[in-house]
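**Student:** Below are the sequence and a predicted model for it; my questions follow.
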Amino acid sequence: MSFITYILQSKTNSKFYCGITNDICKRQKEHNEGKCSSTKSAMPWDVVFQTKFNTREEARALEVKIKGRGAKRFLEDLRHGSAFSGINSVG
């Protein structure tokens, strides 16, 4: 089983949310159906970044880094080829 670290961006207020899952389609649907208390006030959400790992620990490590840096700054760093240049973004 693989694990995905992902970043969502709200279509209504441009806020970001970072998490991990093993089923990105199902998880995005849950966010967009208001099933997650931390994201239901800013629906709908688009996946703007995702990357796959072999273990939950690896996915969680990146999630912690993103949350520490801030999703917006992490994405800016990624776009400019900074510290996280080895990660592929999808979204």
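**Tutor:** On my side now, so go ahead.

**Student:** What are the buried residues along stretch 20-29?
**Tutor:** By 16 or more other CB atoms under 10 Å, the buried positions in stretch 20-29 come out as 20-21, 24, 27-28. The C-beta positions use only the backbone N, C-alpha and C, and glycine is treated the same way.

**Student:** Which ones among the residues you listed lie within helices?
**Tutor:** When DSSP state H defines the helices, the subset of the buried residues of stretch 20-29 inside them is 24, 27-28.

**Student:** Tabulate those residues (CSV), appending pLDDT and distance to residue 73.
**Tutor:** Conversion of those to CSV gives the following (pLDDT from 0 to 100; distance: CB to CB, whole Å):
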residue, pLDDT, distance to residue 73
24, 98, 22
27, 98, 23
28, 98, 22
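
**Student:** Which one of the buried residues of stretch 20-29 is nearest to residue 59?
**Tutor:** Within those, the smallest distance to residue 59 is 4.4 Å, found for residue 20 (CB to CB).

**Student:** mind listing the helices for the chain?
**Tutor:** 24-32, 56-69, 71-79.

**Student:** Columns distance to residue 10 on top of the ones you listed, output as TSV?
**Tutor:** Shown next, in TSV, are the helices of the chain (distance: least, CB to CB, whole Å):
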stretch	distance to residue 10
helix 24-32	10
helix 56-69	16
helix 71-79	11
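
**Student:** Buried residues, the worst-scoring helix or strand of the chain on mean pLDDT. List them.
**Tutor:** Every helix and strand in the chain was compared by mean pLDDT, DSSP states H and E; the lowest is helix 71-79, with a mean of 93. Under the neighbour-count criterion of 16+ other CB under 10 Å, helix 71-79 has 71, 74-75, 77-78 buried.

**Student:** That helix: how far from the chain's middle?
**Tutor:** From the chain centre to the centre of helix 71-79 is a distance of 11 Å (CA atoms, centre = their mean, to the nearest Å).

**Student:** Compute the first-to-last residue distance for stretch 1-16.
**Tutor:** In stretch 1-16, first residue to last residue: 26 Å (CA to CA, to the nearest Å).

**Student:** For the nearest residue to residue 13 once chain neighbours are set aside, give me the pLDDT.
**Tutor:** Excluding the flanking residues, the one nearest residue 13 by CB to CB, 6 or more residues apart in numbering is residue 42, at 5.3 Å. The score at residue 42 is 97. That number is its pLDDT.
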